[in-house]
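Student: structure for the following, please:
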Amino acid sequence: MTRTRLGSLLVGLVGLALFATPVAAQPSTTAGLINSLNGKLLYVAVPVTLFVEIMLIYAVLKFRNNDEPAPTRENRRLEVTWTVATAIILLFVGVASYGVLANPDVTYTGAEEIEPSEGDVHVKTVAYQWNWRMNYQTANITELTADDIDTAVVPQAEGVEGPVIVVPQGQDLYFTTASEDVIHGFSVPALGLKQDAIPGQTNTIKTVAKETGVYQGYCTEYCGVAHSKMYFTVIVVDQGTYDEFVDSQTGSSDSSGSSSASLAAPTRLGA
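Tutor: Predicted structure coming up:
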């Protein structure tokens with residue numbers, strides 16, 4: 001195989017692999033950032049992988065009957081080229097990764113006091129063996145489960161079991177994790193969310209949900225015999241449905257003598 005044919009084959013395979021990469025709608029800003037980074041890294045990994053594999057196959061086929069191989073000659077130009085190419089690839093990977101990891105929707109480094117803007121939602125998720133308590137810090141809603149939700153308001157809750165978080169589309173969402181006993185893990189894979197829940201410590205992740213729907217959440221740290229049953233559900237609805245949902249929940253709280261909190265009220269993580 002000549003160098004021209006080999007180069008043409010390599011370019012063709014790379015183009016086919018990159019063209020065949022699917023582009024799907026991103027359900028959240030966090031998932032979009034992570035998937036975008038994965039795509040960029042794939043654009044680097046595919047050509048390198050194909051190049052190595054083609055060179056390997058070429059060497060095997062060309063020298064398979066060579067019983068007296070000659071020593072490889074030193075080629076400084078090739079070594080310099082290979083070293084520079086590797087450095088460029090690593091620099092690209094580092095810069096691309098840092099740009100995503102430094103984004104607050106992937107690594108939130110906010111202060112201990114969160115002050116959501118109007119319409120934003122802050123939910124504190126408290127893990128324990130073996131369940132979750134979902135407490136809204138920006139509304140008077142605590143320990144919400146599917147049984148507490150009026151399916152006439154949020155029809156997506158029909159048939160859902162266990163703890164539930166209902167959030168609006170297009171608003172900043174803050175999820176603070178905490179644990180009462182051992183290490184747990186708060187994770188919603190489809191939304192790109194994952195954060196450990198550590199005893200005596202609170203951690204916060206932030207995102208913006210872009211697509212309405214029902215998203216399954218899990219505990220991702222083995223925490224005991226019922227670990228596999230520690231699931232929960234995140235339901236993303238439009239703003240109008242969310243406002244109606246909050247009114248229905250806080251209205252029932254008001255009737256029992258509790259006062260509802262403003263959706264924009266600032267709270268501390270320890271609450």
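Student: next, residue 233: phi, psi?
Tutor: In terms of degrees, to the nearest 10, the main-chain angles of residue 233 are phi -130, psi 140.
Student: next up, the contacts around it.
Tutor: 146, 160, 162-165, 214-217 (CB atoms under 8 Å, 6 or more residues apart in numbering). All C-beta atoms are positioned from the backbone trio N, CA, C, and that covers glycine.
Student: now with 7 Å, please.
Tutor: Each residue near residue 233 by CB atoms under 7 Å, 6 or more residues apart in numbering is listed here: 160, 162, 164, 214, 216-217.
Student: neighbour-wise, which of these leads?
Tutor: Most neighbours among the contacts of residue 233, by other CB atoms under 10 Å: residue 217, with 27 neighbours.
Student: so which strand or helix has that one?
Tutor: Per DSSP states H and E: residue 217 is located in strand 213-219.
Student: now do that strand: which elements does it pack against?
Tutor: For strand 213-219, the elements it packs on are strand 184-188, strand 231-237, judged by 3 or more CB pairs under 7 Å, 6 or more residues apart in numbering; DSSP states H and E.
Student: give me the buried positions along the longest helix along the chain.
Tutor: Using DSSP state H, we find that the single longest helix of the chain is helix 29-62. By neighbour count on 16 or more other CB atoms under 10 Å, the buried set for helix 29-62 is 29-34, 37, 40, 46-47, 50, 54.
Student: hang on, the earlier thing: can you list contacts of the strand holding residue 217?
Tutor: Here strand 213-219 makes contact (CB under 7 Å, 6+ apart) with 27, 127, 156, 184-188, 190-191, 227, 230-236.
Student: same thing but at 6 Å, please
Tutor: 156, 184-185, 187-188, 190-191, 230-232, 234-236 (CB atoms under 6 Å, 6 or more residues apart in numbering).
Student: of these, buried ones?
Tutor: Buried by 16+ other CB under 10 Å: 156, 184-185, 187-188, 190-191, 230, 232, 234-236, out of these.
Student: turn the contacts of strand 213-219 into a markdown table, columns for pLDDT.
Tutor: Below are the contacts of strand 213-219 laid out as a markdown table (pLDDT from 0 to 100):
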| residue | pLDDT |
| --- | --- |
| 156 | 87 |
| 184 | 94 |
| 185 | 92 |
| 187 | 93 |
| 188 | 93 |
| 190 | 90 |
| 191 | 91 |
| 230 | 92 |
| 231 | 90 |
| 232 | 92 |
| 234 | 93 |
| 235 | 92 |
| 236 | 93 |
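Student: out of those, which is nearest to residue 201?
Tutor: Residue 201 lies nearest to residue 184 out of the contacts of strand 213-219, by CB to CB, at 11.7 Å.
Student: quick check: domain ranges of this structure?
Tutor: The chain is divided into the following domains under automatic domain parsing: 3-62+76-101, 117-268.
Student: report the distance from the shortest one to the chain centre.
Tutor: This points to domain 3-62+76-101. Relative to the centre of its chain, domain 3-62+76-101 is centred 23 Å away, using CA atoms, centre = their mean, to the nearest Å.
Student: hang on, the earlier thing: would CSV of the helices and strands packed on strand 213-219 with distance to residue 138 be doable?
Tutor: Below are the helices and strands packed on strand 213-219 laid out as CSV (distance: least, CB to CB, whole Å):
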stretch, distance to residue 138
strand 184-188, 18
strand 231-237, 16
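Student: quick one: which of these is nearest residue 173?
Tutor: Nearest to residue 173 among the helices and strands packed on strand 213-219 is strand 231-237; the distance by CB to CB comes to 9.0 Å.
Student: okay, the angle between the very next helix or strand once past the closest one and strand 231-237?
Tutor: Next in sequence after strand 231-237, counting helices and strands by DSSP H and E, comes helix 239-255. Per axes from the mean of the first three to the mean of the last three CA atoms, to 10 degrees, the angle that helix 239-255 makes with strand 231-237 is 120 degrees.
Student: which pLDDT value goes with the residue nearest the centre of the chain?
Tutor: Nearest to the geometric centre of the chain sits residue 192, at 1.5 Å (CA atoms, centre = their mean). Note for residue 192: predicted pLDDT of 91.
Student: just to revisit the earlier point, just want the angle from the strand holding residue 217 to strand 184-188.
Tutor: Using the same axes, to 10 degrees: strand 213-219 against strand 184-188 is 160 degrees.
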